[in-house]
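Asks: Here is a sequence together with a model predicted from it:
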Amino acid sequence: MLGGPPTGRETGFRGTEMRVSRDVLLPYALSSVTSARQRLRSDLCASGFTRESVDDALLVLSELLSNALRHAFPLPAPFPADSVHVAWSVRTAGGPGGTAVPGVEISVRDGKGATLPGVGHPASAAVHGRGLGIVRSVATKWGTETDHGTTTVWAALEMATAGADGAHAAAPAGGGADAERAVLSAARSGTGSG
C-alpha cells in the first residue's frame, strides 16, 4: 500500500465520516481499468450510493485511468516496475452537524507524460480527446499535481445515497456501461458538455 493522494488540495473531507479509503497499485495495462472499476463499484455500493452516482464515479475512474495508460509512462522507481497508482476516498454524510455532502475523491498517479493533462478541444469527428472534458462535466472539481517524476490527476464527486429500499443492491455487476456509452455517444455527436 502507498500513501493516499496528495493532501495539498481542499476536498471538503475534513470533519466528515470516512467510510472507505483505498490505495491500489495496478499493472500498467488496459485490463487494470476493469479491475479498478470492480473494486470501486464494490466500495461505493457497500456505502449505499445510488446507481446513477456509482455510474458517474466509475466513468470518471475509467477516464482518468485510461488517460494515464494512453498518455503517460508507468510510475518511476521506487514504485514497482510497470505500475500505476489508483486511490479513492469515500465519505458518507456525517461529521458534526451532518453538513458534509457524501462523495468520493478518485486519483490516478502515473510516471508523467510529455505534457500535463488538460481538457482537450477535439474536432467533432475526432475519436479521442474528450476524457477530461467528461471528467470536468461530471465531477464537482478536479485537478492535476506533479511531484518527483509523477503526475496525479484527481476528481471529487458529490454522491447521492440510495433509499432505504435497497434497490441499488440489485444493480447489475457491469453497471455503468450504459451511462458511459450514453455520455461518450453524446460527446462524439457533439451534444455532450465536454
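Replies: Structure received.

Asks: Give the closest residue to Val138 in space, chain neighbours not counted.
Replies: Asp56 (5.0 Å; C-beta to C-beta, 6 or more residues apart in numbering). Quick note: C-beta positions are derived from backbone N, CA and C, even for glycine.

Asks: err, Val33, not the other one
Replies: Leu65 (5.1 Å).

Asks: Tell me who's in contact with the one you found.
Replies: Residues in contact with Leu65, defined by C-beta atoms under 8 Å, 6 or more residues apart in numbering, are Ser32, Val33, Ala36, Val84, Val86, Val108.

Asks: Name the nearest residue to the first one, ignoring sequence neighbours.
Replies: What it means is Ser32. Closest residue to Ser32 apart from its sequence neighbours, by C-beta to C-beta, 6+ apart: Leu26 at 3.8 Å.

Asks: ok, the one you found to Cys45 distance?
Replies: From Leu26 across to Cys45, the span is 20 Å (C-beta to C-beta, to the nearest Å).

Asks: can you check Thr161 too?
Replies: On the measure of C-beta to C-beta, Thr161 and Cys45 end up 11 Å apart.

Asks: Output the below-cut-off pLDDT ranges for the chain.
Replies: Where the chain drops to pLDDT under 70, the residues are 1-18, 94-100, 115-131, 163-194.

Asks: need the longest helix for it.
Replies: Longest helix in the chain by number of residues, with DSSP state H as the criterion: helix 51-71.

Asks: can you list the contacts of Leu65 in TSV and add distance to Thr50 and neighbour count?
Replies: Converted to TSV, the contacts of Leu65 look like this (distance: C-beta to C-beta, whole Å; neighbours: other C-beta atoms under 10 Å):
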residue	distance to Thr50	neighbour count
Ser32	26	20
Val33	22	20
Ala36	20	23
Val84	28	25
Val86	23	25
Val108	24	28
